[in-house]
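Q: Build me a structure from this.
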Amino acid sequence: MKIDDHGLRCRALRLLRAVGAGLLAVAALCVAPAGAAHASTTIAATSTSGFNLSLQADNSATIAATLNASRVALTPAMAERPGKAGLCWPTPFNPGVGANGYCWDSADDTGSNGWSPQGFSVPHDAAGDGRWNSVRWEVTSWHNSNDTQIRLRFTNRNTSPPTYADVALVVFSGSGVVQRAGHADGVTWYGDKLYIVSGRVLDIVDLGDLTAYPNVFAGFDYVLPVRYTYRTTSSPCVPATGTTPCLNGVSFDRSRGALLTNEYYNADVAGGRLISWPLNLSTGLPAGTAQAAWTSPVHKMQGVTYDGASFFISGLCPSTYNNSYRQPACVHKGAAGEATSVLTQVPDMTQNLDWDASTGRVRGINEVHQSTEFLPQRLVFDFAPTARAITVGRFRNVNSNMCVLPYAASLNDGAYIVQAACDGKSAQNWYWNGAEMRSFVSDRCMTVEGASNAAGVHIIQAACTNSAYQRWTRVTGNGGAMLVNEGSGKCLVPYAGSKSSGANIMQGNCDATSRAYAWIGYTP
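A: Below is the predicted model of the structure:
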C-alpha cells in the first residue's frame, strides 16, 4: 500500500513485492478508510441563508474608561515559563508527514490542574503568517474544568524550548473585572486582534488592550478584555442543520480574507458544516453574513484550516484505526466538491488546526489529558500537508495464521509485540526502513528486549537507534520466511509456537522445519 498525500489509498492489491534487499516479501495492502456512514461523502457546498454574526456587545467605551497606565505590550520578556521541545510523547503520526512539536509543564501535560486546550493559531496579517512584531508567536485558548474561565497562552517560538505566558480573558463591566466564561472552542489571530469562539459566541480582543492586573485572578498577572462580542443566535446554536450554526473551531483563511469555522456534531449519521465569515481586514471586524458554507463528511469535527486549495479537518478516524488512549483522531484532507481521505492519524482528541504559510505546515493542538497514565500525550504539533509515500505490510505467522502488532495497539516504548487475528486495522501495519521493521502508527522498531542473545526473550517496540538488535534479515523456507535478528542470530516466533490470540512474540533458535518460525506478507 502507498500512503500518499490523501492518506490511506490502495496503489496495488495482492501484489507481492520485495521490500528492501534480502528482506521478507510483503504484500502491498489496501486499508480502506471505512467508518460509520456519513450523510455526505464529499465536501459539498450548501446554503448560507440565515447565517449571520450579529454584534451583541461593544465594550470599547468601558475599556477606554477602565484601562490606565497598567496597559502593557506583548513582548518576549512576558513569556518566561519554559515548555519542552520536540514530540514529548509517543504519537501516531504517519511517518511520512515529518511531524514535530512541543509540550508544556507537567500540570498542563497531564491536565491535573483542570485546564484543557482547545484553540490554536499563529499570527496572520497582510504581510504574511507566523510573526507578530517580528516575533514568532503562537496563541492557544484554554478552558477550565467547569467552563467558568478562559485563558490565552502566548508562546514564544524564537526560543528553544518554547517559552510562554498565560493571560486571563476578561470582561470589564460596571461591577468590575470578571473572567470570561466559555469553552474557548477555538482561537485565531489576524493583525492586532484575536477571535475566540465558544459555541454561538465570537469574542474579539485587541492586543493593544493587554493589561497588567497582578493577583486579581489566581495565577494571572495579565488580562485581555473582550472588546466585541458577536453571536450566531441568541438561543442555543444547532449544528449541521438550520440557520443557527455553532462555532466550534476557527482559523484564518487568507485566500478568502475570512474566518473559517467548523461545527462539532455529536452524531454518527452526519458531519457538521464549514462556514466562511468574511472580515473587514482594515477594521478586523466581521462583515456579518457568511459568504460560503459546505457540509463535511468528517464526523465530530474539532478543527479546520485551509491552505488555498484543500481543507484540513480534524475529527474522528475511520474504523480501520485503533491506536489511542481515548478517542482516535485523524486529519482528513480534501478540496471543495471532493471526497476527503486521511492524511495522518494525530494525537487523541486533536482540536483546532491552523495553516502557516510561512513554513508550509499544518499546525494543531490536542486536548486529551492522561493524569492517570504514565504518558500524558498532550502537545502542540505541526506536519507537512503532503506525506511521502511509504510501502506498508502486515506479517502473518504461517502456523497460527495471526498477525503481529504492539500489545493493545500501544504507542509506547517497551510495549510487547503480540499476535492477534488479522483484522486490517492500523496497528498491524509495518514498514521496512533499511533492515528495520517499523510500526506505521508508532514509528518504533521491532526490537529484542534488553539486546539479549538468549532464546525466549520478548520482542518489544522501541525507538529506532540502528541497533543490530533492531535489524532483521530473511531466510526463505518453511512455507514462508524466517526473520533472523542480526544482533542475536535468533528468529522471530510466537511463544512456544502458540496459535492463541494475544501470545507474545519471542526470539528462539531458528528452526527451518517448523512452521511456527515461518512468516508471510498478508493482505486481508
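
Q: Relative to His458, how far out is Thr473?
A: Note on Thr473: its distance to His458, by Cβ to Cβ, to the nearest Å, is 20 Å. From N, CA and C alone the C-beta is placed, and that goes for glycine too.

Q: again, but for Arg378
A: Here the distance between Arg378 and His458 works out to 29 Å (Cβ to Cβ).

Q: cool, and Asp166?
A: In this view, Asp166 and His458 are 44 Å apart by Cβ to Cβ.

Q: in stretch 495-512, what counts as buried?
A: By neighbour count, with 16 or more other Cβ atoms under 10 Å as the criterion, the buried positions of stretch 495-512 are Tyr495, Gly497, Ser498, Ala503, Asn504, Ile505, Met506, Gln507, Gly508, Cys510.

Q: nope, stretch 166-180 is what I was after
A: Buried residues in stretch 166-180, defined by neighbour count with 16+ other Cβ under 10 Å: Asp166, Val167, Ala168, Leu169, Val170, Val171, Phe172, Val177, Gln179, Arg180.

Q: Am I right that Ala61 sits in a strand?
A: No. Ala61 is assigned helix when assessed by DSSP: H, G, I helix; E, B strand; the rest coil, not a strand.

Q: For it, list the residues it contacts.
A: Ala61 makes contact with no residue under the criterion Cβ atoms under 8 Å, 6 or more residues apart in numbering.

Q: Tell me the spacing between it and Asp203.
A: As defined by Cβ to Cβ, Ala61 lies at a distance of 17 Å from Asp203.

Q: just the helices in the stretch 51-200 of the chain please.
A: For the stretch 51-200 of the chain, applying DSSP state H, counting those that start in this stretch gives helices covering 60-66, 106-110.

Q: Only C-alpha atoms, please: export the longest one in PDB.
A: Below are the C-alpha coordinates for helix 60-66, written out as PDB (Å, rounded to 0.1, in the frame of the first residue of the first chain):
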ATOM      1  CA  SER A  60     -14.800  49.900  23.600                       C
ATOM      2  CA  ALA A  61     -16.100  52.800  25.800                       C
ATOM      3  CA  THR A  62     -15.900  50.700  29.000                       C
ATOM      4  CA  ILE A  63     -12.400  49.500  28.200                       C
ATOM      5  CA  ALA A  64     -11.300  53.100  27.400                       C
ATOM      6  CA  ALA A  65     -12.700  54.300  30.800                       C
ATOM      7  CA  THR A  66     -11.200  51.400  32.700                       C
END
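
Q: Number the chain from 323, please
A: Sure, I'll start counting at 323 from here, so that last one is helix 382-388.

Q: what comes up buried for that helix?
A: Neighbour count says helix 382-388 has Thr384, Ile385, Thr388 buried, by 16+ other Cβ under 10 Å.

Q: and Thr555, what does it touch?
A: Taking Cβ under 8 Å, 6+ apart as the criterion, Thr555 is in contact with Arg522, Thr566.

Q: three-state assignment of it?
A: Using three-state DSSP, the three-state assignment for Thr555 comes out as coil.

Q: low-confidence ranges in the stretch 723-846 of the chain?
A: Along the stretch 723-846 of the chain, the parts satisfying pLDDT under 70 run over 844-846.

Q: which one of Arg700 and His780 has more residues nearby?
A: Arg700 (24 against 18; other Cβ atoms under 10 Å).

Q: got the contact list for the more buried one?
A: Contact partners of Arg700, counting by Cβ under 8 Å, 6+ apart, are 411, 425-426, 430-433, 439, 669, 688-692.

Q: let's see it at 10 Å
A: Contact criterion Cβ atoms under 10 Å, 6 or more residues apart in numbering gives 410-411, 425-426, 430-433, 438-439, 669-671, 687-692 as the residues in contact with Arg700.

Q: now swap in Ala367 and tell me
A: Ala614, Ala615, Trp616, Thr617, Ala658, Gly659.

Q: tell me which residues in stretch 718-727 are buried?
A: Judged by neighbour count using 16+ other Cβ under 10 Å, the buried positions of stretch 718-727 are Arg718, Asn719, Val720, Asn721, Ser722, Met724, Cys725, Val726, Leu727.

Q: show me the contacts for Tyr727.
A: Not quite, residue 727 is Leu, not Tyr. By Cβ under 10 Å, 6+ apart, the contact list for Leu727 reads 644-645, 716-717, 737, 739-742, 744-745, 747-752, 761, 763, 783, 827.

Q: Neighbour count says what about these? Which are buried?
A: Listed as buried from the contacts of Leu727 are 644-645, 716-717, 737, 739-742, 744, 747-752, 761, 763, 783, 827; burial here means 16+ other Cβ under 10 Å.

Q: Sheet partners, orientation included, of the top strand by length along the chain?
A: The longest strand of the chain (DSSP state E) is strand 485-495. Paired strands of strand 485-495, with direction, are strand 403-404 (antiparallel), strand 472-478 (antiparallel), strand 498-501 (antiparallel), strand 542-547 (parallel) (DSSP bridges).

Q: Buried deepest among these, which one?
A: Highest mean neighbour count among the strands paired with strand 485-495 (mean count of other Cβ atoms under 10 Å): strand 472-478, with a mean of 24.

Q: Report the mean per-residue pLDDT for that strand.
A: Averaging pLDDT along strand 472-478 yields 98.

Q: Would you pull up how far it lies from the middle of the chain?
A: Relative to its chain's centre, strand 472-478 lies at 19 Å (Cα atoms, centre = their mean, to the nearest Å).

Q: With just CA atoms, put that strand into PDB.
A: Listed next in PDB are the C-alpha coordinates belonging to strand 472-478 (Å, rounded to 0.1, in the frame of the first residue of the first chain):
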ATOM      1  CA  ILE A 472     -10.800  31.100  29.700                       C
ATOM      2  CA  ARG A 473      -7.100  31.800  29.400                       C
ATOM      3  CA  LEU A 474      -5.000  32.700  26.400                       C
ATOM      4  CA  ARG A 475      -1.400  31.300  26.200                       C
ATOM      5  CA  PHE A 476       1.100  33.300  24.200                       C
ATOM      6  CA  THR A 477       4.100  31.100  23.200                       C
ATOM      7  CA  ASN A 478       7.400  32.500  22.000                       C
END
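
Q: Point out where the stretch 573-722 of the chain drops to low pLDDT.
A: Under the criterion of pLDDT under 70, the regions of the stretch 573-722 of the chain flagged as low confidence span 590-592, 693.

Q: cutoff 90 now
A: In the prediction, the stretch 573-722 of the chain carries residues with pLDDT under 90 at positions 588-593, 641, 644-650, 690-699, 712-713.

Q: tell me the contacts of Pro669?
A: 409, 411-415, 421, 423, 646-647, 650-651, 686-690, 699-703, 733.

Q: try 7 Å this time
A: Taking Cβ atoms under 7 Å, 6 or more residues apart in numbering as the definition of contact, the neighbours of Pro669 are Thr413, Ala651, Asn688, Val690, Gln699, Leu701.

Q: Can you tell me how far it is from Arg766?
A: Look at Pro669 and Arg766: by Cβ to Cβ, they are 15 Å apart.

Q: Likewise for Asp678?
A: For Asp678 relative to Arg766 (Cβ to Cβ), the value is 28 Å.

Q: The two - which one has more neighbours?
A: Arg766 (24 against 21).

Q: Surely the more buried one touches Thr787?
A: No. In this structure Arg766 lies outside contact range of Thr787 using Cβ atoms under 7 Å: 10.5 Å.

Q: Thanks again, I'm all set now.
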